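Trainee: give me coordinates for this.
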Amino acid sequence: MKISDLEFNKNEDAILTTVADVHYKLEKISLGGGKEKILKQHQEGKLTARERIQALIDKDSAFFEIGAFAGYGMYEEHGGCPAGGVVTGLGKIEGRMVMIVANDATVKAGAWFPITGKKNLRAQEIAMENRIPIIYLVDSAGVYLPMQDEIFPDKEHFGRIFRNNARMSSMGIPQIAAIMGSCVAGGAYLPIMSDEALIVEGTGSIFLAGPYLVKAAIGEDVDQETLGGAKTHCEISGVTDYKMPDDQTCLATIRKLVSKMGKSPKAGFDRIKPTLPLLNPSEIAGVFPENPTKPYDMLQIIKRIVDDSDVTLYKEDYGKSIICGYARIDGWAVGIVANQRLVVKNAAGEMQFGGVIYSDSADKATRFIMNCNQKKIPLVFLHDVTGFMVGKRSEHGGIIKDGAKMVNAVANSTVPKFTVILGNSFGAGNYAMCGKAYDPRLIVAWPTAKIAVMGGTQAARVLTQIQVSTLKKNGEAPDPQGEQAMFEKIKARYDEQTSPFYAASRLWVDAIIDPRKTREFLSIGIEMSDHGVVEKFNPGILQT
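Mentor: All right, here's what the predicted structure looks like:
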């Protein structure tokens, strides 16, 4: 499929505008609670969460932030919660990849909102799956009390974090905690359940109950430093291991501790010397259409991501609505499963519409996923899917059975899976292409992504028909203008809920990335996963 210069430029302008919007929003989010709160933290002799991370990671190394949009547009009645009040992501310390979790004390004193807990659990999940060390930079007032019922008691709430602390210790995953500010109540367990704990003099404090609560509970008068400061816990209680004079020394000491960690066995994914794509990755912005319903050749996207632009296609002429192929990304061997948006003919000469999964393409993808598991090759899923094909012919042909087999293969896959949502990710297509529910090691979205049961227009039509039918039964049928207004209102709400920002705010995706950086993201993910363990693949019902 050839793209004209005019169409290429139109596509490029559209996608770069969305990328600029992402960067604009991220700049605001990076300010946390605002410039005044940042200044106050500096006046207290403390670095901000993001400054601490930059001082901790290797110079000139990248920090891949996870969950930057967590809480975006949520909790407005509580003053908002930028980045969920905690900064998390992957970085390198002394050349070793680690997960970093840094409370942002400029946001409600680092208090834990429901999304804060979910984000911390995601960071721990990534560390556990990939067996990489985790560093906690603690500066938090504990649970945000007005919402305690949504963060405290349930399985995936606050307490799960301490359970994960214990599990990681038993798995031999190093955990280092630096108490760089307040550390109160249940939150006090996190650093102390880590393997080693540092505390900064003058600013770091840790106790189950602060001075005010102690006074109220037992009538004792005690100041914060005496109750739980660095001197108390390094000289009297023995709770902490290292007393640090300031943030900079504390972070430098963490680097020293990480530098002396022994090496763990690798998973053994194949890697050779990387080569750049022959086709320019920056051209992705021009190849991907600005109109989400327009066909395009997914292979042209893939060739701008993989080494030498070289892909070995599996069953090239069968099941053409899904592309399966072997390639390398930054030297790493990968298996790619991608939706094809072109209108193509199948092996029987029948037309297959782009973005839809047919029985033959589901069968092809299932077999390919099994092959990658057998050969220990990480899987990359590229979404632009509207769902499985519907209709009498598809049902008679067993689309449910073939779709179920593909979902089963994805669910049972033991090699690392990485998901990139380029455009649509609707219905069961989201599941079959390794959506969030199917445990991708990392999942990201382009700013053009849409995630929902179905598209906004289709959903609005269905919901409008239901509402109009109900009104007619009550003798209150709207006129055509009223019906159109109802449709537009429903569609606007649905479109908002399908946006990548809505998904990222709820951690359905780990990040929204610049499409031109897809290759870099995948390389980081595979390198991270090479520290993990790959279990033996058991295809389950696929054996029958």
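Trainee: quick one: residue 79 and residue 108 touch, right?
Mentor: Yes - Residue 79 is in contact with residue 108 according to CB atoms under 8 Å; the separation is 7.3 Å. The way it works is simple: take the backbone N, C-alpha and C, and place the C-beta from them, glycine included.
Trainee: looking at the two, which one has more neighbours?
Mentor: residue 108 (24 against 10; other CB atoms under 10 Å).
Trainee: any idea how far the more buried one is from residue 538?
Mentor: Using CB to CB, to the nearest Å, residue 108 is found at 45 Å from residue 538.
Trainee: cool, residue 500 as well?
Mentor: Residue 500 is 34 Å from residue 538, by CB to CB.
Trainee: more neighbours: which of these two?
Mentor: residue 500 (25 against 10).
Trainee: for the more buried one, list the residues it contacts.
Mentor: Contact analysis of residue 500 by CB atoms under 8 Å, 6 or more residues apart in numbering lists 421, 445, 446, 447, 448, 449, 450, 451, 509, 512.
Trainee: buried ones only from those, please, as a ChimeraX command.
Mentor: Buried residues among the contacts of residue 500 (16 or more other CB atoms under 10 Å), as a ChimeraX selection:
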select :421,445,446,447,448,449,450,451,509,512
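Trainee: can you redo the contacts of residue 500 as JSON lines with distance to residue 344 and pLDDT?
Mentor: Shown next, in JSON lines, are the contacts of residue 500 (distance: CB to CB, whole Å; pLDDT from 0 to 100):
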{"residue": "421", "distance to residue 344": "22", "pLDDT": "98"}
{"residue": "445", "distance to residue 344": "26", "pLDDT": "98"}
{"residue": "446", "distance to residue 344": "23", "pLDDT": "98"}
{"residue": "447", "distance to residue 344": "27", "pLDDT": "97"}
{"residue": "448", "distance to residue 344": "22", "pLDDT": "96"}
{"residue": "449", "distance to residue 344": "23", "pLDDT": "96"}
{"residue": "450", "distance to residue 344": "23", "pLDDT": "94"}
{"residue": "451", "distance to residue 344": "25", "pLDDT": "93"}
{"residue": "509", "distance to residue 344": "29", "pLDDT": "98"}
{"residue": "512", "distance to residue 344": "30", "pLDDT": "98"}
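Trainee: looking at the contacts of residue 500, which is nearest residue 164?
Mentor: residue 509 (21.3 Å; CB to CB).
Trainee: what sits closest to the closest one if chain neighbours are left out?
Mentor: residue 445 (4.5 Å; CB to CB, 6 or more residues apart in numbering).
Trainee: tell me the contacts of residue 40?
Mentor: Counting by CB under 8 Å, 6+ apart, residue 40 has contacts residue 106.
Trainee: and the next element down the chain from the helix or strand where it lies?
Mentor: In the assignment (DSSP states H and E), residue 40 maps to helix 35-43. Using DSSP H and E, the next helix or strand after helix 35-43 towards the C-terminus is helix 49-56.
Trainee: average pLDDT for that following helix, rounded please.
Mentor: Averaging pLDDT along helix 49-56 yields 98.
Trainee: now that helix: buried residues?
Mentor: 49, 50, 51, 52, 53, 55, 56.
Trainee: can you put those residues in TSV and add distance to residue 339?
Mentor: Formatted as TSV, the buried residues of helix 49-56 follow (distance: CB to CB, whole Å):
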residue	distance to residue 339
49	38
50	36
51	41
52	40
53	35
55	42
56	39
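Trainee: of those residues, which is the nearest to residue 237?
Mentor: residue 52 (24.9 Å).
Trainee: where's the closest one relative to residue 167, distance?
Mentor: Computed as CB to CB, the residue 52 to residue 167 distance reads 26 Å.
Trainee: same thing with residue 10?
Mentor: From residue 10 to residue 167 the distance is 51 Å (CB to CB).
Trainee: out of the two, which sits in the more crowded spot?
Mentor: When residue 10 and residue 167 are compared for neighbours, residue 10 comes out ahead with 16 against 13, by other CB under 10 Å.
Trainee: neighbouring contacts of the helix or strand hosting residue 286?
Mentor: Element membership of residue 286, judged by DSSP H and E, is helix 284-287. With contact meaning CB under 8 Å, 6+ apart, helix 284-287 is reached by 3, 8-9, 11-12, 15-16, 19, 296-297, 300-301, 304-305, 515-516, 518.
Trainee: please redo it, this time with the cut-off set to 6 Å
Mentor: The list of residues contacting helix 284-287 from outside it, by CB atoms under 6 Å, 6 or more residues apart in numbering, reads 8, 11, 12, 15, 16, 300, 301, 304, 515, 516.
Trainee: just stretch 130-137 next, same as before
Mentor: Contacts for stretch 130-137 (CB under 6 Å, 6+ apart): 52, 97-102, 127, 173-178, 180, 528-529, 531-532.
Trainee: just the ones of these in strands?
Mentor: Within the contacts of stretch 130-137, residues falling in strands by DSSP state E are 97, 98, 99, 100, 101, 102, 175, 176, 177, 178, 180.
Trainee: any chance of those residues in JSON lines, plus distance to residue 261, pLDDT and neighbour count?
Mentor: Listed next are those as JSON lines, based on distance: CB to CB, whole Å; pLDDT from 0 to 100; neighbours: other CB atoms under 10 Å:
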{"residue": "97", "distance to residue 261": "12", "pLDDT": "97", "neighbour count": "18"}
{"residue": "98", "distance to residue 261": "10", "pLDDT": "98", "neighbour count": "23"}
{"residue": "99", "distance to residue 261": "14", "pLDDT": "98", "neighbour count": "25"}
{"residue": "100", "distance to residue 261": "15", "pLDDT": "98", "neighbour count": "26"}
{"residue": "101", "distance to residue 261": "18", "pLDDT": "98", "neighbour count": "25"}
{"residue": "102", "distance to residue 261": "20", "pLDDT": "97", "neighbour count": "25"}
{"residue": "175", "distance to residue 261": "11", "pLDDT": "98", "neighbour count": "23"}
{"residue": "176", "distance to residue 261": "10", "pLDDT": "98", "neighbour count": "24"}
{"residue": "177", "distance to residue 261": "15", "pLDDT": "97", "neighbour count": "27"}
{"residue": "178", "distance to residue 261": "16", "pLDDT": "97", "neighbour count": "29"}
{"residue": "180", "distance to residue 261": "21", "pLDDT": "96", "neighbour count": "28"}
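Trainee: give me the number of residues near residue 184?
Mentor: 21.
Trainee: so who does it touch?
Mentor: 141, 142, 210.
Trainee: now the second one: phi and psi?
Mentor: Pointing back at residue 142 there. phi 90, psi -160 (degrees, to the nearest 10).
Trainee: quick check: it vs residue 510, distance?
Mentor: Distance from residue 142 to residue 510, by CB to CB: 26 Å.
Trainee: the two: which is more packed in?
Mentor: Ranked by neighbour count (other CB under 10 Å), residue 142 and residue 510 place residue 510 first, with 31 against 20.
Trainee: ok, that one touching residue 441?
Mentor: No - under the criterion of CB atoms under 6 Å, residue 510 is not in contact with residue 441, lying 9.5 Å apart.
Trainee: related to what we said a few turns ago, nearest to residue 86 among the buried residues of helix 49-56?
Mentor: Relative to residue 86, the closest of these is residue 49; by CB to CB it sits at 7.4 Å.
Trainee: helices of the stretch 101-250 of the chain, residue ranges please.
Mentor: 114-130, 158-171, 189-192, 211-218, 224-228, 230-231, 247-259 (DSSP state H, counting those that start in this stretch).
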